[in-house]
Structure formats: C-alpha cells, structure tokens
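K.L.:
got a sequence here, can you build the structure:
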Amino acid sequence: MLSRDPLTPETLLNEAKSIDQALAEAFAKADRLPAPLDQRLALYLGESRALLHKLESTYDQLVARISANILDSNQVPQVGATLPEFCMTDSDGKLVWLSATLLEKGPLVLSFNRGPWCDYCGLELHALSRAYPEILAAGGELVSIVPETARYARKLQSVRGLPFRVLTDLDLGYALSLGLVFWVGEKIMGMYRGFGIDLGQFQGNGGWFLPIPATLVIGIGSEVKARFVDPDFRHRMCMEDILQAVRGAAKT
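P.N.:
Next comes the predicted model:
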C-alpha cells in the first residue's frame, strides 16, 4: 500500500505554493484569451473550481444569500438617478471629488473592486486598462474604487499596471450609501485567512465587509447613464457596453 507523506508545515506550504502557481497560470491563460471579458472570467472560474472547489462552492452559497437583498434594494442607483457626491483620496493621497474632479470634462466610469488579491477584479481591471484609451478618446474618464487603504490601493495600481486612478472608499462608506456592501460571513472569513487574505489588515478595520463589484457610467449632472450590478462578483460588465454608454453620455 502506498503511504502518504505526513502533512507537515513544509508539505502544506508546498501545496499552497503549488495552488498559487496554478492559479497564476490560470489567470495568465484567461487574461491572454482573445475573447470578451465574460469568456475570460468563465475560463478562470472553471480553472478555479478545479483547484479550489470548496471555495467556489462557498462563493455560490454566498451569492445566493446576498442576491435578494442586493437586487431588491432601493439604495442601488438606477439608470436616470443622480449619483451622490463623494470625496475620496487616490493612491497618492490626493483628494478627488466626483463632480469637481472626475466629471469636469466628460462622462465617468466607476468600477467598484475588491482589492489586488482578487483575480476576478484583476481580469476586469486589465480589460478596463485595454479599453482606457478608447474611453479617453470618447471624452470619458475611469477610476477604480476599493475599500482598501492607500498602501494597498497603490499595490493594486502597481500589480495590475493600471493607467487610471484608484480611490479608497474608507470603511466602505460610499459603497454602503449605494447599497453595495455585504458581510463575507464566518466561513469565507476562515478560508480567506487560510490563504493569507486579511481584510481587516487591508481595509484598516475589523468589519470583513466587501463591495459588490458594480460598474456605473456617469454623465453630466452626475446622472447614471448605465450600470452593471451583479451580486456574483465573478460576473462583470462587458467593455462593449461600457464604451457604448460612455460615447452616448458624451453626446448628451
């Protein structure tokens, strides 16, 4: 009979490194795929399910738990609504206002993201980076909003190579006002800690809350021109819809 090596700390560390490497390869494979973002996300999800089936199954349960509350919330801005003003700091510590800074020249794409540790956000942010020149050419601007402190906002910008600003939504105050915040739950909290993901450290608080990774296209007068809000963070707005919305908002 074959014997299995004992689960020593060294064995567990090697297994973790192996999974990390496999996930990195899956991310690179999905990111290189010459296909729309939804297909890249689906490819990565399939690889992740094979490697981390328990985590992805727990994500399925989480999505089912929060879906009704998010989709039925009157707080989440609808198309045609006026987005509330905000003032946040970017990764360089500079104050950024919605109306006075970001909407000064034209429409704005707001992308709510989780952090540099989230590969689903990474795939979306890479797609947005590729689309950024077209967004600028259409007269628009783009920012990513994360709940993480400036140190980790800078890391996100650096690791993902983002050409646009990353803003910190301290304690998720703005996302909460839009009805886009959920508690991860004890089970995912334990899993994240096992992977070295400490939201308390990243966000500077002990809440263990995350934003729904929504995308909003904002036009003149802070009016919501288009939106994508899905409690399943493994789904994101396609670039074609974003560009169409930006071009339409720039004409009004």
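
K.L.:
buried sites along stretch 187-205?
P.N.:
The neighbour-count check on stretch 187-205 (16 or more other CB atoms under 10 Å) flags 188-189, 191-192, 197, 199, 202-204 as buried. For glycine as for every other residue, the C-beta is placed from the backbone atoms N, C-alpha and C.

K.L.:
using PDB, write out every CA atom in that stretch.
P.N.:
What follows is stretch 187-205 as a C-alpha-only set of coordinates in PDB (Å, rounded to 0.1, in the frame of the first residue of the first chain):
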ATOM      1  CA  LYS A 187     -16.900  30.500   6.500                       C
ATOM      2  CA  ILE A 188     -15.300  32.700   3.900                       C
ATOM      3  CA  MET A 189     -13.500  34.700   6.600                       C
ATOM      4  CA  GLY A 190     -11.800  31.500   7.700                       C
ATOM      5  CA  MET A 191     -11.000  30.400   4.200                       C
ATOM      6  CA  TYR A 192      -9.500  33.800   3.300                       C
ATOM      7  CA  ARG A 193      -7.300  33.800   6.400                       C
ATOM      8  CA  GLY A 194      -6.000  30.400   5.300                       C
ATOM      9  CA  PHE A 195      -5.000  32.000   2.000                       C
ATOM     10  CA  GLY A 196      -3.300  34.900   3.800                       C
ATOM     11  CA  ILE A 197      -6.100  37.300   2.800                       C
ATOM     12  CA  ASP A 198      -6.800  39.500   5.900                       C
ATOM     13  CA  LEU A 199      -9.400  42.100   5.100                       C
ATOM     14  CA  GLY A 200      -9.000  43.600   8.500                       C
ATOM     15  CA  GLN A 201      -5.400  44.500   7.600                       C
ATOM     16  CA  PHE A 202      -6.100  45.500   4.100                       C
ATOM     17  CA  GLN A 203      -9.000  47.800   5.000                       C
ATOM     18  CA  GLY A 204      -7.800  49.100   8.300                       C
ATOM     19  CA  ASN A 205     -10.900  47.800  10.200                       C
END
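
K.L.:
please name the residues that touch the most centrally placed residue in the chain.
P.N.:
Closest residue to the average C-alpha location of the chain: N113 at 2.4 Å, with CA atoms, centre = their mean. Applying CB atoms under 8 Å, 6 or more residues apart in numbering, we find N113 in contact with 121, 124-125, 144-146, 156, 211, 213.

K.L.:
what helix or strand is the nearest residue to L55 once chain neighbours are set aside on?
P.N.:
Closest residue in space to L55, ignoring its immediate chain neighbours: M191 at 5.6 Å, by CB to CB, 6 or more residues apart in numbering. Element membership of M191 [criterion: DSSP states H and E] is helix 186-194.

K.L.:
got a list of contacts for the helix or strand that that helix is followed by?
P.N.:
Reading on from helix 186-194 to the C-terminus, the next helix or strand found by DSSP H and E is helix 199-203. In this structure, residues lying in contact with helix 199-203 by CB under 8 Å, 6+ apart are 115, 117, 147-149, 152, 171-172, 184, 189, 192, 206-210.

K.L.:
returning to what we had before: hmm, who's touching the helix holding M191?
P.N.:
In contact with helix 186-194 (CB under 8 Å, 6+ apart) are residues 54-55, 58-59, 62, 184, 198-199, 208.

K.L.:
now it: average pLDDT?
P.N.:
Averaging pLDDT along helix 186-194 gives 93.

K.L.:
quick one: that helix to chain centroid distance?
P.N.:
Relative to the centre of its chain, helix 186-194 is centred 19 Å away, using CA atoms, centre = their mean, to the nearest Å.

K.L.:
do stretch 113-126 as well
P.N.:
5 Å.

K.L.:
give me the number of residues near the closest residue to the residue nearest to the centre of the chain other than its chain neighbours?
P.N.:
Nearest in space to N113, with sequence neighbours left out and distances taken as CB to CB, 6+ apart, is C121 at 4.3 Å. The local packing of C121 (other CB atoms under 10 Å) involves 22 other residues.
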